[in-house]
Every structure is written in C-alpha cells, then in structure tokens.
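Novice: The following comprises the amino acid sequence and a computationally predicted model.
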Amino acid sequence: AQSVTQLGSHVSVSEGALVLLRCNYSSSVPPYLFWYVQYPNQGLQLLLKYTSAATLVKGINGFEAEFKKSETSFHLTKPSAHMSDAAEYFCAVSVSFNTDKLIFGTGTRLQVFP
Amino acid sequence: NAGVTQTPKFRVLKTGQSMTLLCAQDMNHEYMYWYRQDPGMGLRLIHYSVGEGTTAKGEVPDGYNVSRLKKQNFLLGLESAAPSQTSVYFCASSYSRGGVHHEQFFGPGTRLTVL
C-alpha cells in the first residue's frame, strides 16, 4: 500500500535561507508524487508534481523537488526563503490510475523569520 | 472560471442536527472528492466519485453520505452530526485521461463546528 511520511511538522528558516521540506514515500508501483501548499484559511494549491518524466521537477514560486528512487524520497527545496512562503506544505502520492486518489502526508508548517 | 466552490464557508451545528455541504466545479472534471482536515493528520478522504451517478467510500466514510446527481456537483451529507465531525472540509476535483495521474483542484473549504 502507498503511504507518505513528512519528517518535521514544523520548520523555521530565516528569510533568504534554504528551505528543505522532507517527504518519503512507500509505494509498490512507480509513484506519482505531488507537493501542495496551503496558505492560511485557503484551500490547497499545487506546487509541483512528479510523473516519471524527469527526476528534478520545478514548480511555482521557485520551488523544486527531486525524485530519488534509491532513497524513496521527494524532498521540496527552495534556495532562498521569502516571507510569503510561510504556509503549510503537503506531500501526496497518487494511488490509482483509475481514480486519481491521493494519500497525503500530515503536513509541514513553514515559518519564515525576517 | 470559478474553479471549485464550496458552500457554506462556515457552519455551527448542534449534536444530532443534519446538514449538507455543496461542492460545485465548472471545469467539466470527471472525478470529485471530499476530504476532512484535522490538525496533525493531513487530509483524509471521506468519499469520492469517478463520474455522475457513482460514489465510493474513502478512508473515513462513517457518518457521512454523498451524492453526485449532476457532473458538476458533489454533495456531502451529515445525517446526525457529532462533535468528532468538527473539522475543515475540502472538496476537490480532477480530470480523467486514461493511464495518467492528474492533480486535484481544491475548493476553499468549509469550517464546521459541532457543539
């Protein structure tokens, strides 16, 4: 069965510092992986997705993630944090071609300090 | 396009009351989903639908019912609300293109409190 683990429920960085949010997956089939962002009191918005075309995926707002099969990881990074990046981030794995159902991680709240 | 919309945005119920949450999408998506979001637990799938007239159970379906009478609408019902159903509810939709996974598009959420 597919699952997702996000290490660290809270991450704090200074503005301009590297952002690293960790996601490890478990899947019996080649996974499709997603990162979503949720700003306060809003719904989820897609940041980027991995669909096996390329291992390094670039998303919106300067974020990118690298799929590493050997490590079963899909960590999200951004070279320089901005105050506007403060939000909750969710990693998800797609479990079925026929339904697009997603299994979400428990989320990581990113705080950015000036 | 409005995307995915949800009504109402907020609701307070007393234990035992019933209510229906409405989700509408104008993107002609085949698939629709209802999730609940609770602190520290991420999003959990309640029910989903792969097309008009079809529904299926997700991870946490107990205490909820759904209907998909029209392609653009997906209704979530609580027949007898319980305090454990206090949560933020999100609706999402995605489109079908065989053999390829697609992202889901989310509504803004409904914050439900059951007293």
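Specialist: Thanks, I have it.
Novice: Run through the residues that contact the residue nearest the centre of chain B.
Specialist: Most central in chain B under C-alpha atoms, centre = their mean is residue B:34, positioned 2.5 Å from the mean C-alpha point. Listed by C-beta atoms under 8 Å, 6 or more residues apart in numbering or on different chains, the contact set of residue B:34 reads B:21, B:23, B:45-48, B:58, B:64, B:66, B:74, B:76, B:89-91. Bear in mind the C-beta positions are built from the backbone N, C-alpha and C, glycine included.
Novice: same thing but 10 Å
Specialist: B:6, B:21, B:23, B:44-49, B:55, B:58, B:60-61, B:64, B:66, B:74-76, B:89-92, B:107, B:110 (C-beta atoms under 10 Å, 6 or more residues apart in numbering or on different chains).
Novice: for residue A:75, same thing?
Specialist: A:6-7, A:20-24, A:35, A:64-68, A:91.
Novice: give me that answer again for 6 Å
Specialist: Going by C-beta atoms under 6 Å, 6 or more residues apart in numbering or on different chains, residue A:75 touches A:22-23.
Novice: before we move on, the earlier item: list the buried residues in the one helix or strand the residue nearest to the centre of chain B maps to.
Specialist: In this assignment (DSSP states H and E), residue B:34 forms part of strand B:31-38. By 16 or more other C-beta atoms under 10 Å in any protein chain shown, the buried positions in strand B:31-38 come out as B:31-37.
Novice: next one: that strand to chain centre, how far?
Specialist: Chain-centre distance of strand B:31-38: 5 Å, with C-alpha atoms, centre = their mean, to the nearest Å.
Novice: Let's see that strand as CSV, backbone CA atoms only.
Specialist: The C-alpha trace of strand B:31-38 is given here as CSV (Å, rounded to 0.1, in the frame of the first residue of the first chain):
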residue,chain,number,x,y,z
TYR,B,31,-13.6,12.9,-10.6
MET,B,32,-14.6,14.6,-7.4
TYR,B,33,-13.6,14.1,-3.7
TRP,B,34,-14.5,15.1,-0.2
TYR,B,35,-11.7,15.4,2.4
ARG,B,36,-11.6,16.4,6.0
GLN,B,37,-8.6,18.2,7.5
ASP,B,38,-7.7,17.9,11.2
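Novice: Please see if the helix or strand following it touches chain A.
Specialist: Next along the chain after strand B:31-38, taking DSSP H and E as the criterion, comes strand B:42-51. Yes. Strand B:42-51 lies within reach of chain A by C-beta under 6 Å from any C-beta of the partner chain, at B:42-43, B:50.
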